[in-house]
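Student: Here is my input; please provide its structure:
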Amino acid sequence: MNELLEFIHQNIQMIYIVILMIFVGIELISHVPAVLHTPLMSGANAIHGVVIIGAILVMLHMNPENIFGLAVGFIAVILGTLNVVGGFVVTDRMLDMFKTKR
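Tutor: Presented below is the predicted three-dimensional model:
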């Protein structure tokens, strides 16, 4: 318990920034017009690609005996990949709605 309180005390500014980012993100996303959802999703897909690369790099530098850390990293890579693929599928389907029918 003391370690947790010490961690919070040392990183209180970072915790405040994360909380502020959450509120600003919710506010921004809730006010995005429907026309901009497709470009916003494409940008989010690119960001998630960077997250996947980061998870792979963290796993490469992890101690091979740390099974829990490797498992969490593997799950992060799998979930990030599913998110990127799903985002691209949804974006592709949205863009197909704007194509002219033959």
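Student: how far does stretch 61-74 sit from the chain's center?
Tutor: 20 Å (C-alpha atoms, centre = their mean, to the nearest Å).
Student: Residues contacting that stretch, please?
Tutor: 55-56, 58-59 (C-beta atoms under 8 Å, 6 or more residues apart in numbering). Any C-beta I mention is one placed from the backbone N, CA and C, and that applies to glycine too.
Student: what do you get for stretch 14-31?
Tutor: Under C-beta under 8 Å, 6+ apart, the answer for stretch 14-31 is Ile8.
Student: okay, now Gly54: neighbour count?
Tutor: 14 (other C-beta atoms under 10 Å).
Student: Looking at stretch 51-70 now, give me its mean pLDDT.
Tutor: Summarised as a single mean, pLDDT over stretch 51-70 is 91.
Student: gap between the two ends of that stretch?
Tutor: 16 Å (C-alpha to C-alpha, to the nearest Å).
Student: how about it: buried residues?
Tutor: Residues of stretch 51-70 classed as buried: 51-52, 55, 59 (neighbour count, 16 or more other C-beta atoms under 10 Å).
Student: Closest to Phe88 out of those residues?
Tutor: Ile52 (13.0 Å; C-beta to C-beta).
Student: Might one say that the closest one is in contact with Ile75?
Tutor: No. Between Ile52 and Ile75 there is no contact under C-beta atoms under 8 Å: 12.0 Å.
Student: His48 is in contact with Val84, isn't it?
Tutor: Yes. Contact criterion C-beta under 8 Å: His48 and Val84 qualify, at 4.8 Å.
Student: domain parsing for this structure?
Tutor: 1-31, 35-102 (automatic domain parsing).
Student: Mean neighbour count, the ones you listed: which tops it?
Tutor: domain 35-102 (a mean of 12; mean count of other C-beta atoms under 10 Å).
Student: so how far is the first residue of that domain from its last?
Tutor: Span of domain 35-102 from end to end, C-alpha to C-alpha: 24 Å.
Student: Off-centre distance for that domain?
Tutor: With C-alpha atoms, centre = their mean, you get 7 Å for domain 35-102.
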